[in-house]
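In: okay, structure incoming, though there's no sequence with it:
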């Protein structure tokens with residue numbers, strides 16, 4: 001099943017402490033991906049990744065990425081990672097947005113999403129044709 005990043009907005013919010021969240025993140029798997037070529041001349045790509053748990057509580061996380069040079073990718077906006085998890089501290093208080101983003105960035109960097117992009121290199125669609 002392919003899941004688009006915008007669909008996360010319809011997902012139920014799951015409340016987790018930082019420690020609980022770290023325990024479930026190894027169960028995240030790729031459930032959606034989009035790849036497009038932004039510039040036909042350079043061939044540089046961009047896209048979105050959506051990863052989710054397939055067992056237990058439904059945890060979803062999505063982000064945009066961009067290719068800086070061929071086969072070198074980075075988060076497009078590290079402060080704009082979508083996730084249906086509300087992170088709380090051990091006292092039950094919601095984390096500040098900046099602290100939440102720090103934890104989400106750590107999760108994204110631990111996932112093997114870049115390898116999946118390498119496999120999709122031949123499936124790119126020029127951006128002018130994808131719109």
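Out: Alright, I've got the coordinates. This one's a predicted model, so the numbers in the text were calculated from it and none came from an experiment.
In: closest to the centroid, which residue in the chain?
Out: In the chain, the C-alpha nearest the mean C-alpha coordinate belongs to residue 62, at 2.9 Å (C-alpha atoms, centre = their mean).
In: report pLDDT for residue 127.
Out: pLDDT recorded at residue 127 is 34.
In: give the rounded mean pLDDT of the longest helix along the chain.
Out: Criterion DSSP state H: the longest helix present in the chain is helix 97-110. Helix 97-110 comes out with an average pLDDT of 96.
In: what sits up against stretch 73-91?
Out: With contact meaning C-beta atoms under 8 Å, 6 or more residues apart in numbering, stretch 73-91 is reached by 5, 8-9, 11-19, 21, 45-46, 58-68, 94-95, 99-101, 103-105, 108, 114, 117. C-beta coordinates here come from the backbone N, C-alpha and C atoms, glycine included.
In: just the buried ones among the residues you listed, please.
Out: With burial judged by 16 or more other C-beta atoms under 10 Å, the buried subset of the contacts of stretch 73-91 is 5, 8, 11, 14, 16, 18, 21, 45-46, 59-65, 67, 95, 100-101, 103-104, 108, 117.
In: in strands only, show me the residues you listed.
Out: Judged by DSSP state E, the buried ones among the contacts of stretch 73-91 include 14, 16, 45-46, 60-65, 67 as members of strands.
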